[in-house]
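Enquirer: What shape does this take:
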Amino acid sequence: MLISDANLDAMHTFFDDLWREVIPTLQPIHPPFAKKDTKGFKVSRNPRAGYTQLAEGDEDLWAYQNRHQCDKAAYVMYPVVVKVLGDEVEKVEIAYLWVEPVRLIEEWIDMDGERRRRHTVIVYTLKDGRKRVIDPSRSQFGIKDVKKSYHEYLDAYAPATPPDQPQLMTFGGYATFLRRGLGDDKSWLQELFFYKLLAANVTITYNKWEREYIQGGISAVDVLGGGQVEAKEGLSKAMKEVTLRVREMVDAGKASMSN
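Expert: Presented below is the predicted three-dimensional model:
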């Protein structure tokens with residue numbers, strides 16, 4: 001059965017909300033002080049003249065929380081996207097591409113003023129040929145509207161002349177790509193292990209949720225794209241709990257190895 005664009009849009013909104021629930025368990029929130037302008041904002045960990053501390057609910061705080069988080073968002077969300085779309089999806093890929101930020105944290109601007117940035121998103125292709133983007137960490141670049149096809153996304157946010165073309169990879173291929181790029185950086189390799197472990201546990205958690213809430217011929221897209229609040233809250237809560245559990249398990253392992 002053809003999935004409506006409206007249900008897909010609502011499903012994307014659910015993934016955005018889910019990422020907002022999960023990210024505090026991945027990293028502590030220490031609101032910085034910021035000085036804003038139309039192109040972005042500068043940040044400081046300490047009070048400075050002309051700087052105001054970002055408050056909970058400020059979209060710039062959300063942007064700050066999302067910096068450097070696109071790889072992690074893809075790892076957390078990928079297995080859920082695969083399970084939710086089920087038989088309707090042809091393939092789900094992780095795309096490594098360039099974007100031209102709408103707004104940007106100034107500490108990221110290169111010395112030559114270059115603003116374009118590498119970014120990671122999830123791209124799924126349905127069996128009917130529609131190809132769309134899920135980008136939960138987009139706020140770090142001031143990108144708001146992501147309810148677009150893959151090609152519309154590139155037209156809207158890719159630089160006019162990107163240094164290279166987007167790379168579309170499988171989940172395993174992306175893990176290999178990251179490992180090669182990380183080299184012998186032990187802290188990043190530990191993080192990669194955490195996200196691989198998290199992805200496995202997220203899949204198990206989703207399967208339990210599906211058995212409870214997806215019944216009677218209704219699809220997961222219909223549930224997450226519809227008004228079934230209890231089911232959506234149930235998945236959000238389960239995802240937050242499993243993320244925290246895996247984080248605590250990995251941190252405990254690190255502590256025992258250092259003793």
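Enquirer: going forward, measure contacts and count neighbours with C-alpha atoms only.
Expert: OK.
Enquirer: Can you tell me which helices and strands the worst-scoring helix or strand of the chain on mean pLDDT packs against?
Expert: Between all helices and strands in the chain, the lowest mean by mean pLDDT, DSSP states H and E belongs to strand 104-105, at a mean of 76. On a contact count with 3 or more C-alpha pairs under 8 Å, 6 or more residues apart in numbering; DSSP states H and E, strand 104-105 meets strand 40-44.
Enquirer: Name the strands paired with the helix or strand that the strand it packs on is followed by and say parallel or antiparallel.
Expert: Per DSSP states H and E, the first helix or strand lying C-terminal to strand 40-44 is strand 52-53. Applying DSSP bridges, strand 52-53 is found paired with strand 33-37 (antiparallel).
Enquirer: Please export the C-alpha coordinates of the strand it pairs with as PDB.
Expert: Only the C-alpha atoms of strand 33-37 are listed here, as PDB (Å, rounded to 0.1, in the frame of the first residue of the first chain):
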ATOM      1  CA  PHE A  33      27.200  31.700  26.500                       C
ATOM      2  CA  ALA A  34      26.500  33.000  23.000                       C
ATOM      3  CA  LYS A  35      26.700  36.200  20.900                       C
ATOM      4  CA  LYS A  36      24.300  35.900  18.000                       C
ATOM      5  CA  ASP A  37      24.000  37.500  14.500                       C
END
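Enquirer: who touches that strand?
Expert: Here strand 33-37 makes contact (C-alpha atoms under 8 Å, 6 or more residues apart in numbering) with 41-48, 50-54.
Enquirer: likewise stretch 238-245?
Expert: By C-alpha under 8 Å, 6+ apart, stretch 238-245 touches 18, 21, 22, 25, 26, 198, 201, 202, 205, 206, 209.
Enquirer: Over to stretch 247-255?
Expert: Contacts of stretch 247-255 (C-alpha under 8 Å, 6+ apart): 25, 26, 194.
Enquirer: JSON lines for the residues you listed, including pLDDT?
Expert: Shown next, in JSON lines, are these (pLDDT from 0 to 100):
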{"residue": "25", "pLDDT": "81"}
{"residue": "26", "pLDDT": "80"}
{"residue": "194", "pLDDT": "82"}
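Enquirer: Can you mark which positions in the helix or strand that contains residue 238 are buried?
Expert: Residue 238 is located in helix 229-258, with elements delineated by DSSP H and E. Under the neighbour-count criterion of 16 or more other C-alpha atoms under 10 Å, helix 229-258 has 231-232, 235-236, 238-244, 246-247, 250 buried.
Enquirer: related to what we said a few turns ago, can you pick the most crowded of the contacts of strand 33-37?
Expert: Compared across the contacts of strand 33-37, residue 43 has the highest neighbour count, 22 neighbours, by other C-alpha atoms under 10 Å.
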